[in-house]
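Trainee: Output the structure for:
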Amino acid sequence: MRSLFKALSVILLVALALPASAAQYRDTSVPMAVEGALDLNRYLGKWYEIARFPNRFERGCVGVTAEYSMRSDGDVRVVNTCREGTLDGKITVADGSARVEAPGRLSVTFVPWLPFARGDYWVLFVAPDYSMAVVGNPKGTTGWILARTPQISAKQRALAESILSINGYDISKLEDVLQN
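Mentor: Residues are numbered from 1 along each chain as shown. Just a heads-up that it's a prediction; the model follows:
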């Protein structure tokens with residue numbers, strides 16, 4: 001029992017320390033504007049990660065996708081898939097859930113047994129046809145450009161980057177995600 005307590009204490013300390021050490025990619029004095037009219041049913045489905053701000057949980061990931069579907073309890077199932085290093089690399093899957101907190105504002109967890117392990121997932125923009133989305137968080141430690149297809153046009157990319165900039169993000173820190 002004592003060793004279990006020690007292990008849980010270490011996990012707790014690490015979990016508390018990691019968010020504080022995460023890089024910030026946005027000026028948090030800039031107010032964030034979310035997609036208040038987000039239609040969650042249209043948002044469901046598969047998204048390809050086009051670009052992201054570097055984060056520890058996707059280090060070395062390429063060919064990244066996120067798939068959203070409704071759960072019976074009203075939350076959203078989140079299945080993130082990563083290929084390690086190359087498009088032929090080992091596949092890693094993270095299965096989590098998201099909860100709608102307010103229009104355009106969700107919280108996501110991949111560690112449901114740890115109540116404070118939820119992260120903000122704010123949809124800053126979604127194209128009228130739901131072909132592209134821009135996501136971030138108020139702390140500015142994460143952000144993504146997502147699309148329904150593995151590639152987007154230069155015009156779409158410029159629009160996505162402008163949304164990030166308007167919301168205080170330093171787009172020079174964006175990294176492209178290799179896709180098929």
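Trainee: so after the worst-scoring helix or strand of the chain on mean pLDDT, what's the next helix or strand?
Mentor: Within the chain, judged by mean pLDDT, DSSP states H and E, the helix or strand with the poorest mean is helix 2-21; its value is a mean of 39. Following helix 2-21 in sequence order, the next helix or strand is helix 40-43 (DSSP states H and E).
Trainee: mind exporting that next one as CSV, just the C-alpha atoms?
Mentor: Extracted in CSV, the C-alpha atoms of helix 40-43 (Å, rounded to 0.1, in the frame of the first residue of the first chain):
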residue,chain,number,x,y,z
LEU,A,40,-20.8,19.8,-32.6
ASN,A,41,-22.5,17.2,-34.8
ARG,A,42,-20.9,18.6,-37.9
TYR,A,43,-17.5,18.8,-36.1
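Trainee: For whichever helix or strand comes after that helix, buried residues please.
Mentor: Under the assignment DSSP H and E, the closest C-terminal helix or strand after helix 40-43 is strand 45-52. For strand 45-52, a neighbour-count test (16 or more other C-beta atoms under 10 Å) marks 47-52 as buried. C-beta here means a position set from N, CA and C on the backbone, and glycine is covered the same way.
Trainee: what lines up beside strand 45-52 in the sheet?
Mentor: Next to strand 45-52 in the sheet, as set by DSSP bridges, lie strand 61-70 (antiparallel), strand 143-147 (antiparallel), strand 175-176 (antiparallel).
Trainee: contacting residues around it?
Mentor: 58, 64-69, 133, 142-152, 157, 160, 174-177, 179 (C-beta atoms under 8 Å, 6 or more residues apart in numbering).
Trainee: on that earlier part again, most tightly packed of the strands paired with strand 45-52?
Mentor: Sort the strands paired with strand 45-52 by mean neighbour count, taking mean count of other C-beta atoms under 10 Å, and strand 143-147 sits at the top with a mean of 25.
Trainee: what mean pLDDT does the helix or strand following it have?
Mentor: Remark: after strand 143-147, the chain's next helix or strand is helix 154-166, criterion DSSP H and E. Mean pLDDT, computed over helix 154-166, is 98.
Trainee: Since that was my last question, I'll sign off now.
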